[in-house]
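Participant: Sequence first, then the predicted structure, then my questions.
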Amino acid sequence: MAQTIRKAIFPAAGLGTRFLPATKASPKEMLPLVDKPLIQYSVEEAVASGCDSILIITGRDKSAIENHFDISFELEQLLKEKGKEELFAQVRAISDIAKISYTRQKQALGLGHAIYQAKDFAGKDPFAALLADDVVDCEVPALKQMIKVFEKYDAPVIATMQVEGEAISRFGVIDAEEVEPGVFRIRDMVEKPAFEDAPSDLAIIGRYVFTPDIFEAIERTSPGAGGEIQITDAMRILLKERPFYAVKLEGTRHDAGDKLGFLIATIEFAMKREDLGSGLREYLRTIRP
């Protein structure tokens, strides 16, 4: 029987160039989706999926992430004194969410290199990797859907979504056979293929469940353009040696690392809020097409 997933890592050392100048001094992962930073959504997803040990892989100028998940004594004291108990509870819950540790990725040399920084943290245990850019809105947490498949097949699992048309060329794409509804055994993966060369319409998104042998595969991965080590290349090495599975997630994935995707996600999440939804709908009706 497969081990359960209790550890999750969050690569967060990227420079966030798609959101400049906002990310010149502020981490992209701290951009607020309504009133909660992107990375908090992913951490909450991991915790709701059974993970209680978190590693965030940071870089220079990312201290705001650590501060966010730390206790803020002065703020909490102020909220208490002003009788704002609900806000106090929200703020305290952030620092109590899980056991969170941090490590530095000194150079941004690709996602594979970032994940490799978690080698000591993971040890001999399987673990999840989540990218804060991908916000997945679903009833059953995205990672929980994947862990269910991991526990059944005792093999690495990646998340996929269906992408139609030319947009598929922006993603890693899987070649796979469906073994049960929404679950696929992967034959191969292709990074950003041309539309006519894409082996399917199933794109890889930022959720992974790995076994610890991924680290040895990363060690064997040759750097690509810019000296970056791509996780897709490492997964293809491992794919030759063991089964790999993919899950087509039940839910809506928002690319919050893209400006338009971020705006759409903000509107979608705000529309679901009792305190914001009706006012936002009313405003949107006034906008001329």
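Facilitator: Thanks, I have it. It should be emphasised that the depicted structure is a prediction, and the values quoted were computed from it without experimental measurement.
Participant: all helices for the stretch 151-289 of the chain, in order.
Facilitator: Secondary structure of the stretch 151-289 of the chain (DSSP state H, counting those that start in this stretch): helices located at 214-219, 231-239, 259-271, 277-286.
Participant: pull the CA atoms of the last one into PDB?
Facilitator: If I follow you right, that is helix 277-286. What follows is helix 277-286, C-alpha atoms only, in PDB (Å, rounded to 0.1, in the frame of the first residue of the first chain):
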ATOM      1  CA  GLY A 277     -20.800  39.100  -5.100                       C
ATOM      2  CA  SER A 278     -24.000  41.100  -5.400                       C
ATOM      3  CA  GLY A 279     -22.200  44.500  -5.600                       C
ATOM      4  CA  LEU A 280     -19.800  43.200  -8.200                       C
ATOM      5  CA  ARG A 281     -22.600  41.800 -10.400                       C
ATOM      6  CA  GLU A 282     -24.400  45.000 -10.200                       C
ATOM      7  CA  TYR A 283     -21.300  46.900 -11.300                       C
ATOM      8  CA  LEU A 284     -20.500  44.600 -14.100                       C
ATOM      9  CA  ARG A 285     -24.000  45.100 -15.500                       C
ATOM     10  CA  THR A 286     -23.200  48.800 -15.900                       C
END
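Participant: Quick one: closest of the helices of the stretch 151-289 of the chain to Ser169.
Facilitator: Among the helices of the stretch 151-289 of the chain, the nearest to Ser169 by Cβ to Cβ is helix 231-239 (14.2 Å). Where C-beta positions appear, they are placed from N, C-alpha and C, glycine not excepted.
Participant: Counting by contacts, list what the closest one packs against.
Facilitator: Contacts defined by 3 or more Cβ pairs under 8 Å, 6 or more residues apart in numbering; DSSP states H and E place helix 231-239 against helix 111-116, strand 183-191, helix 214-219.
Participant: pLDDT on it, on average?
Facilitator: Average pLDDT, helix 231-239: 92.
Participant: what does that helix contact?
Facilitator: 110-112, 115, 156, 158, 172, 186, 188-189, 191, 204, 208, 213-214, 217-218, 220-222, 224, 244 (Cβ atoms under 8 Å, 6 or more residues apart in numbering).
Participant: what do you get for stretch 196-208?
Facilitator: With contacts defined as Cβ under 8 Å, 6+ apart, stretch 196-208 is touched by 128-131, 133-134, 136, 142-143, 146, 156-164, 168-176, 184, 188-190, 193, 231-232, 246, 248-249, 253.
Participant: Going by neighbour count, list what's buried in that stretch.
Facilitator: Using 16 or more other Cβ atoms under 10 Å as the burial criterion, the residues of stretch 196-208 that qualify are Ala198, Ser200, Asp201, Leu202, Ala203, Ile204, Ile205, Gly206, Arg207, Tyr208.
Participant: Check stretch 265-278 too.
Facilitator: Buried-residue list, stretch 265-278, by 16+ other Cβ under 10 Å: Ala265, Thr266, Phe269, Ala270.
Participant: nearest to Ala93, of the residues you listed?
Facilitator: Nearest to Ala93 among those, counting by Cβ to Cβ, is Phe269 at 18.3 Å.
Participant: wait, isn't the closest one in contact with Val34?
Facilitator: Yes - using Cβ atoms under 8 Å, Phe269 is in contact with Val34, at 5.1 Å.
Participant: Pull out the buried positions in stretch 9-18.
Facilitator: Buried residues in stretch 9-18, counted by 16+ other Cβ under 10 Å: Ile9, Phe10, Pro11, Ala12, Ala13, Gly14, Gly16.
Participant: Show me what it is in contact with.
Facilitator: Taking Cβ under 8 Å, 6+ apart as the rule, stretch 9-18 contacts 22-23, 27-29, 39, 42-43, 46, 54-59, 62, 65, 104-105, 108, 111, 114-115, 118, 121-122, 127-132, 257-259.
Participant: what about Ala98, how many residues close to it?
Facilitator: For Ala98, the count of nearby residues is 15 (other Cβ atoms under 10 Å).
Participant: and if you look at Asp70?
Facilitator: 12.
Participant: quick one: secondary structure of it?
Facilitator: When classified by DSSP: H, G, I helix; E, B strand; the rest coil, Asp70 comes out as coil.
Participant: same thing with Ala128?
Facilitator: strand.
Participant: I'd guessed it sits against Ala46; true?
Facilitator: Yes - here Ala128 reaches Ala46: they are 6.3 Å apart, a contact under Cβ under 8 Å.
Participant: Which one of the two is surrounded by more residues?
Facilitator: Taking neighbours as other Cβ under 10 Å, Ala128 and Ala46 compare with Ala46 leading, 28 against 25.
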